[in-house]
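In: with the sequence up front, the predicted model follows.
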Amino acid sequence: MSVFKFELRRMFSGKANNLSLLVFLLSGLLAVYLGAFNYDKQMQDQQNTALLFDKEKEQISGAAQIPEVGSLAYYASVPTQWQLSPWAALFSGQSQYRLTAMRLQALALQGQIYGRELINPARSRAGGFDLGFVLAYLLPILVGIVTVSLLSEERQSGRWRMLNALSAHTGARLIIRALLLRFALVALLVCLLFVVAAVVVGLPLDGLFVAFIGISLLYCLLWFLIAGLIISLNRDSLYNNLAFLSVWLLLAVLLPGLVHLQQGRSFDAQLPLKAAVEQRLVMNNGWDQDMHQALVDFAEHYPQFTEQLDFSGRFHWKWYFAMQHLSDQAVEDKWQAYLMEHQARDRQLDKISLLSPSLLLQRYLYAMAGTDSQAYFAYLEQIRDFHRQLREFVYPYLFADRQMDADDFNAFPAFVAKPTAQYPLPLALVLLLAGLGVLLTWRFNRLAKV
Amino acid sequence: MSINWTVCCHELKRKWHNQTLKLLFLLAQFLLALVLWNSWQQYQQNLVVQQSAQAMVEEQWLAQPDRHPHRVAHFGHFAFRPPGMLSFFDQGVNSWVGHSVFLEAHKQNSANFSKDDNAELLLRFSELSVANTLLLIWPLLLIAMGFASLSGEKDSGTLQQLVSLGVSFRQLLVGKALAYLLLSLAFILPVFCATLLLAAFSEVGTDIQQWWRCLLLLAVYLLYCLIWVALILLCSLLSSTSRQSLSVLVTLWFVLTVLMPRVLADSAETLYPHLKRNDFTQTVKSEVRKTGNSHNPDDPHFNAFKERILAQYGVTRVEDLPVNYRGLVMQEGERITAEIYDRHYQAQLQRFAQQQAFVGHFYWLNPYLAARDLSMALSGTDSRHFFDFEQQAESHRYARIQQLNKLHVEEVDYHDDRGQRLSASYWQTFPAFHYAFPALSWSLSGMGRATLSALLLFGMLLILLWLPTVQRRAYVRV
């Protein structure tokens, strides 16, 4: 027990240690607070769009006559929601710059699906600040500060030689004990942040909560192993500090930057733009082409309306909505190419992120919080499904020239949000840990013999 | 002077003999070269994409058959943002903003289609650009080289020896500062020369303002290096050991370049929140509806409008007007939406400006923030330049649509309005969209605070270094 007390006292004696612990804790708390604020705004946004639509619906069903189906479908912006769990407050991922409450019309999907949140680009340029950032980037620095000078301090003070003179393993054992204690302390701090976050954001204390903490601690352990390796090089503390910082810079800053360069070169970012431009062209040219032919083309996708294609006059909503759908269909291959591109990009990222633990951690965190690009694309898929539902709800009225009555109108489809989070097993992280662990054991065994 | 020079040479020689530092220096140079080469290629590619896309939509516009002018207005047009000529040096906010705006009747669209896939993972430190390497990585290297410049002399006891030999402390200081300044020059000059060379090969070569921008960028980065050199010397002087000096400097680097920019930017958004997309769209929409709804037959605004027009032409029925009343309604409706949109858009920009001003309060404390924003402004890649593009696109949209509405008023008869078509030659003479890149003076307006703050910070550091009381600290072993 007294050894433990001694170690604790030693740890809290350094000004740098205490300061960095404090900075880490404060940053974490601020990140939780800011995250909760932004998450509340997102939830507010989702509620507001839903309320607005309810009000519009009420107005319409309360009116003496329900408007013509075509114009009704034209003006109805139905709210959708990207289902974000409270974890999105802590690990905001893409939810900060994507639309989380996209409003949808029965018009061409390609004209709507690329909608984006209004952001201040200067803030994105600064890098964004959430608990994910604190854990992925700040935590390693904290680990470095409290560890890398351990052995060199012992050596500088002359204790190391004395200890090793006692028995072959005493010194190494002491270092390991000090490392373990520091790990316990940092782990405690991380847990504390999660508990505070749970209270502030209202997270359920369930298996997922444990999983989030578990992955964060694995990541923390990984940086302790890296620090241990640097310590085992048995150089002076200046060298250790610089080496640790260089490793951090390489793994956390340079590698992701290089991956971004590489991905920018190997993937075509213009696909959505090409799809949207072409869809507009097809749709607008439709006005100058044979309208009946367009309806016949449409009936190939929806044969049930083959008998109801005729209309008189210069314009009919059924043509209008058919044309919207045809323009979507015209760029379907481009949309599919975009989805494939996204998958390919993600697969590549999956492999490359093995090189950088901070990338790896963030991928897990954002996947589990349901805010990574996979989750966003899952939301887009939900939107596509709902868009079909919306169109197909309107078509029968349009093609049969049938008015909606109040009951029909009340059956207007509503979006049902489904969860988008995924729970990958952190195998890669465990593998990296095991590899580093073996390396470290070997190094410490050698160290004991020096 | 000669003693200063001797000190400087000695310091440089010591760095030269340190293999690790030499290797790091060369690696960083290699990284700079790689990054410059890559962003130059990206820039060229972006330029080709933008130009060909703009040419394509121009062609599509011209290829339209005879149409009703309002159909043409709905056909719309695209405005593509050309990459700023110096965006290969500093990409600024370009990764997060869209580079194309769809221009159509009745509706103002935001710029869309940005390249930020996986930005939440890969762009946490922004993309690797020359600017980012100079802003983030070079100071760290300077720290690695210089943290022990004075504290090391103290540790080894050579400081006292030097002083006893008659070297004044100020000479020592100037000599060392000179050494790190020369090192900084050696670090940034190659990349600047390469930048100038690349610029000379692009269309930048013909524009004198671009050369000024390059020169000012060099000045900004030199000042940035100078501030770091002064900071490093000051910390090294005040620290009792080299180890302390290193940990203080690294902590400073971390707080100034990593922590503070993020915390400030995020807090600014909490303090001066802007509207989210849905709220913004809805606010504009409901205000337009309140002001005047051209589709509503009982709308008071448009009824008054009708009375005014009828009185103006001295007729009692719209059918008797010499012009097409529907076209006039289109014009009026477009004017109303554009005005309301612009008002809310400006309010939104105002909120962004407030957020920026909040961050700007800390320029004098943080050289990174000042240098970053100056660099983006000079490269024409900050958010202000992006919003300038959006506004130019919007005024182009407005002019284009109103021109079409004018055709609707003057060339289309009120009777059987929708059934008529106008010859395509009417709109084939419309001017193409051309983004006018802002002048240097515009780019720099509003950057006075950043410039002054950086200079002030540098001045304060110099004064601190020059104070005898501070210099005396160097001899004291705490």
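Out: In hand now; what should we look at? Since this is a predicted model, take the numbers as computed values, not measurements.
In: up against chain A, what does the stretch 351-478 of chain B have?
Out: For the stretch 351-478 of chain B, the residues in contact with chain A (Cβ under 8 Å from any Cβ of the partner chain) are B:352, B:355, B:356, B:359, B:376, B:382, B:383, B:386, B:418, B:419. (Glycine included, C-beta is placed from N, CA and C.)
In: got a pLDDT number for the residue positioned nearest the centre of chain B?
Out: The centre of chain B sits closest to residue B:382, judged by Cα atoms, centre = their mean, with a distance of 1.0 Å. Per-residue pLDDT puts residue B:382 at 94.
In: hang on, the earlier thing: just the ones of the residues of the stretch 351-478 of chain B next to chain A in helices?
Out: B:352, B:355, B:356, B:359, B:376, B:383, B:386 (DSSP state H).
In: which residues are in contact with the second one?
Out: Applying Cβ atoms under 8 Å, 6 or more residues apart in numbering or on different chains, one finds that residue B:355 lies in contact with A:120, A:122, A:123, B:265, B:268, B:269, B:271, B:272, B:274.
In: neighbours of the closest residue to it other than its chain neighbours, how many?
Out: Spatial nearest neighbour of residue B:355, chain neighbours left out: residue B:268 (3.8 Å); criterion: Cβ to Cβ, 6 or more residues apart in numbering or on different chains. Neighbourhood size, residue B:268 [other Cβ atoms under 10 Å in any protein chain shown]: 24.
In: ditto for residue A:242
Out: 22.
In: so it touches residue B:144, yeah?
Out: Yes. With contact defined as Cβ atoms under 8 Å, residue A:242 counts as touching residue B:144 (5.7 Å).
In: rewinding a little: could I get the contacts of residue B:355 as a markdown table with secondary structure, distance to residue B:257 and pLDDT?
Out: Shown next, in a markdown table, are the contacts of residue B:355 (DSSP: H, G, I helix; E, B strand; the rest coil; distance: Cβ to Cβ, whole Å; pLDDT from 0 to 100):
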| residue | secondary structure | distance to residue B:257 | pLDDT |
| --- | --- | --- | --- |
| A:120 | coil | 20 | 94 |
| A:122 | helix | 16 | 95 |
| A:123 | helix | 16 | 94 |
| B:265 | helix | 13 | 96 |
| B:268 | helix | 17 | 96 |
| B:269 | helix | 20 | 94 |
| B:271 | helix | 22 | 95 |
| B:272 | coil | 24 | 96 |
| B:274 | coil | 26 | 95 |
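In: buried subset of the residues you listed, written for PyMOL?
Out: In PyMOL syntax, the buried subset of the contacts of residue B:355 is picked out as below (16 or more other Cβ atoms under 10 Å in any protein chain shown):
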select buried, (chain A and resi 120+122+123) or (chain B and resi 265+268+269+272+274)
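In: ok, the nearest residue to the residue nearest to the centre of chain B once chain neighbours are set aside - contacts?
Out: The shortest distance from residue B:382 to any residue other than its chain neighbours is 3.8 Å, reached at residue B:376 (Cβ to Cβ, 6+ apart). Contact analysis of residue B:376 by Cβ under 8 Å, 6+ apart lists A:125, B:90, B:92, B:93, B:131, B:382.
In: is it true that residue B:139 touches residue B:257?
Out: Yes. Assessed by Cβ under 8 Å, residue B:139 is found in contact with residue B:257 at 7.0 Å.
In: pick out whichever of those two has more residues nearby.
Out: Counted by other Cβ under 10 Å, residue B:139 and residue B:257 do not tie: residue B:139 has more neighbours, with 26 against 21.
In: tell me which element the closest residue to the more buried one other than its chain neighbours is part of?
Out: Residue nearest to residue B:139 in three dimensions, not counting chain neighbours: residue B:228, with 4.7 Å by Cβ to Cβ, 6+ apart. Secondary structure from DSSP states H and E places residue B:228 in helix B:208-238.
In: distance from the chain centre to that helix, please.
Out: 19 Å (Cα atoms, centre = their mean, to the nearest Å).
In: in it, what counts as buried?
Out: Neighbour counts over helix B:208-238 (16+ other Cβ under 10 Å) mark B:210, B:213-214, B:216-218, B:220-238 as buried.
In: which strands or helices does it pack on?
Out: helix B:138-146, helix B:151-156, helix B:169-201, helix B:242-253, helix B:367-379, helix B:440-444, helix B:448-466, helix B:468-473 (3 or more Cβ pairs under 8 Å, 6 or more residues apart in numbering or on different chains; DSSP states H and E).
In: and it with helix B:242-253, angle?
Out: 140 degrees (axes from the mean of the first three to the mean of the last three Cα atoms, to 10 degrees).
In: quick check: mean pLDDT of helix B:208-238?
Out: 93.
In: do I have it right that the residue nearest to residue B:355 meets residue B:360?
Out: No. The criterion here is Cβ under 8 Å, and residue B:268 misses it with residue B:360 at 9.7 Å.
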